[in-house]
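Visitor: Okay, predicted coordinates and the sequence, questions at the end:
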Amino acid sequence: MKLRLPKARREALIGYALVLPWIAGFLLFMAYPLYFSLFMSFNKVAVTPDGIKTTYVGGANYKEAFLTDPEFIQQLLLFVKSTVLMIPIVIVFSLFVALLINQPIRGRQLFRAIFFLPVVITSGEVVQELFSQGAATIPLMDQSGVIDYLKTSLPETWGNPLIAVIDKFILILWYSGVQILIFLAALQKVNPQVYEAAAIDGASPWVSFWKVTLPEVKPFILVNLIYTTVDLFTNTFGDVITLIQQNMFQVDTGFGYSSALAWIFFAVILAVLLLVGWFFRNREGSAAG
């Protein structure tokens with residue numbers, strides 16, 4: 001006899017089956033490294049010929065990060081501010097490009113491949129090489145005196161993050177490929193008859209965008225916000241990640257201190273994600289009200 005299950009139970013089992021490979025991979029390959037990293041963050045770690053030796057120091061590594069190491073806090077605040085400024089730029093640019101390549105024009109598939117190509121070819125080493133050669137900046141900004149104007153007109157609290165965004169502006173656009181595809185998928189799910197009905201009622205393309213397109217892609221905006229936040233915070237050109245890697249191989253800090261820095265950075269990323277989700281849902285609820 002066939003086992004008859006309610007529809008909700010069948011859908012739940014299908015969902016668990018789809019995420020089961022990820023859960024198994026997490027338990028096999030990620031759970032223990034995460035635990036050991038957290039364990040090392042509370043210890044002084046020394047690599048000896050006999051293996052790794054740990055000495056429990058409690059929260060000393062975290063205290064040193066916040067109270068003794070000014071470079072980490074300075075780099076962390078600067079990186080968070082510049083990244084928060086980058087996120088809306090990526091989202092707006094991705095939506096704009098998705099709207100363009102969703103139009104019925106010749107060569108749409110070619111344009112889609114061109115915008116997604118940087119995601120494939122910009123590996124960590126390629127990005128670092130381009131960044132070291134200054135290919136991530138816009139020369140016109142420096143030549144026109146915009147950088148100097150920001151340095152003299154704004155306080156360092158906001159001037160430095162803006163300059164950091166300008167220095168990495170090309171990289172920001174390069175890392176918009178996935179977001180463009182997500183928005184493109186959202187746009188293709190919109191029924192064309194809705195636009196036809198709006199046009200018959202006298203709605204202009206601008207009104208159709210705000211009344212039809214934007215409400216339809218709102219759930220995908222949140223998805224892209226989360227993806228963009230994680231992608232920008234964990235990219236290899238981040239100064240905080242570079243600082244964490246440098247502390248791994250220093251004698252006076254080592255793996256214990258760098259693990260503490262990594263967990264602080266993880267907490268900051270989690271806080272930003274929660275703030276982004278709360279802000280988006282709060283604005284969505286206010287608009288609905």
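Guide: Everything's here; your move.

Visitor: Strands along the chain, start to end?
Guide: Counting by DSSP state E, one finds strands in the chain at the ranges 43-48, 51-56.

Visitor: Show me what the first one packs onto, helices and strands only.
Guide: This means strand 43-48. In terms of contacts (3 or more C-beta pairs under 8 Å, 6 or more residues apart in numbering; DSSP states H and E), strand 43-48 is packed against strand 51-56, helix 254-288. In short, each C-beta sits where N, CA and C put it, glycine included.

Visitor: what's the angle between that strand and helix 254-288?
Guide: Using axes from the mean of the first three to the mean of the last three C-alpha atoms, to 10 degrees, the inter-axis angle of strand 43-48 relative to helix 254-288 is 140 degrees.

Visitor: mean confidence for strand 43-48?
Guide: For strand 43-48, mean pLDDT rounds to 85.

Visitor: Which neighbours in the sheet does that strand have, and how are they oriented?
Guide: Strand 43-48 has its sheet partners listed here by DSSP bridges as strand 51-56 (antiparallel).

Visitor: could I get the partner strand in PDB with only the CA atoms?
Guide: Extracted C-alpha coordinates of strand 51-56, given in PDB (Å, rounded to 0.1, in the frame of the first residue of the first chain):
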ATOM      1  CA  GLY A  51      51.800  19.800  17.600                       C
ATOM      2  CA  ILE A  52      49.500  22.600  18.600                       C
ATOM      3  CA  LYS A  53      49.600  23.600  22.200                       C
ATOM      4  CA  THR A  54      46.900  25.700  23.800                       C
ATOM      5  CA  THR A  55      47.000  27.700  27.000                       C
ATOM      6  CA  TYR A  56      43.600  28.900  28.300                       C
END
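
Visitor: which secondary element of the protein has the worst mean pLDDT?
Guide: The least trusted helix or strand in the chain, going by mean pLDDT, DSSP states H and E, turns out to be helix 139-143, with a mean of 59.

Visitor: Select, out of the strands of the chain, the one closest to Met86.
Guide: Met86 lies closest to strand 43-48 among the strands of the chain, at 33.6 Å (C-beta to C-beta).

Visitor: For that closest one, which residues meet the burial criterion?
Guide: Using 16 or more other C-beta atoms under 10 Å as the test for burial, strand 43-48 gives 43-45.

Visitor: about what we covered before: in a markdown table, list the helices and strands packed on strand 43-48 along with mean neighbour count and distance to Thr234.
Guide: Below are the helices and strands packed on strand 43-48 laid out as a markdown table (neighbours: other C-beta atoms under 10 Å; distance: least, C-beta to C-beta, whole Å):
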| stretch | mean neighbour count | distance to Thr234 |
| --- | --- | --- |
| strand 51-56 | 11 | 25 |
| helix 254-288 | 16 | 8 |
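
Visitor: possible to save the strands of the chain as CSV with distance to Gln246?
Guide: Shown next, in CSV, are those (distance: least, C-beta to C-beta, whole Å):
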stretch, distance to Gln246
strand 43-48, 16
strand 51-56, 19
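
Visitor: So which of those strands is nearest Val217?
Guide: That would be strand 43-48 among the strands of the chain, by C-beta to C-beta, at 46.9 Å.

Visitor: Output the closest one as PDB, restricted to C-alpha atoms.
Guide: Extracted in PDB, the C-alpha atoms of strand 43-48 (Å, rounded to 0.1, in the frame of the first residue of the first chain):
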ATOM      1  CA  ASN A  43      43.500  30.300  24.200                       C
ATOM      2  CA  LYS A  44      47.000  31.200  23.600                       C
ATOM      3  CA  VAL A  45      48.000  28.900  20.700                       C
ATOM      4  CA  ALA A  46      51.500  27.900  19.900                       C
ATOM      5  CA  VAL A  47      52.600  25.700  17.000                       C
ATOM      6  CA  THR A  48      55.400  23.400  18.200                       C
END
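
Visitor: Understood, closing this out.
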